[in-house]
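> Coordinates only, no sequence provided:
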């Protein structure tokens with residue numbers, strides 16, 4: 001696996017559960033962000049998708065879950 005890639009400034013307090021688990025709605029948002037980013041940038045390899053998925057999870061762990069803001073921040077750090 002690649003490095004953590006968690007190099008963004010926290011945007012707000014985390015909303016995930018105490019165990020760091022996304023609920024069904026959050027998981028759908030995170031999955032869409034990953035798929036949209038990979039589709040837009042024509043990323044198909046498993047290694048590259050995993051690298052982007054790590055970035056998505058880092059953003060989520062920092063409390064970013066709004067779909068539009070998540071996509072914008074992923075563009076910035078991706």
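Received, thanks. Computed from a predicted structure; not experimentally measured.
> For this protein, give me the ranges with low pLDDT.
Along the chain, the parts satisfying pLDDT under 70 run over 1-20.
> Now do the same contact list for the residue nearest the centre of it.
A centroid search over the chain (Cα atoms, centre = their mean) returns residue 56, at 1.2 Å, as the residue closest to the centre. Counting by Cβ atoms under 8 Å, 6 or more residues apart in numbering, residue 56 touches 30, 33, 34, 37, 70, 74. Yep, even glycine has a C-beta here, placed from its N, CA and C like the rest.
> Just say helix, strand or coil for it.
helix (DSSP: H, G, I helix; E, B strand; the rest coil).
> Next one: it from residue 73, what distance?
10 Å (Cβ to Cβ, to the nearest Å).
> element containing residue 36, please.
helix 24-40 (DSSP states H and E).
> who does that helix touch, helix- and strand-wise?
helix 46-61, helix 67-77 (3 or more Cβ pairs under 8 Å, 6 or more residues apart in numbering; DSSP states H and E).
> measure residue 38 to residue 21 for me?
23 Å.
> what's the answer for residue 73, then?
21 Å.
> The two - which one has more neighbours?
residue 73 (21 against 9; other Cβ atoms under 10 Å).
> I figured that one hits residue 59, correct?
Yes. Applying Cβ atoms under 8 Å, one finds residue 73 in contact with residue 59, separated by 5.6 Å.
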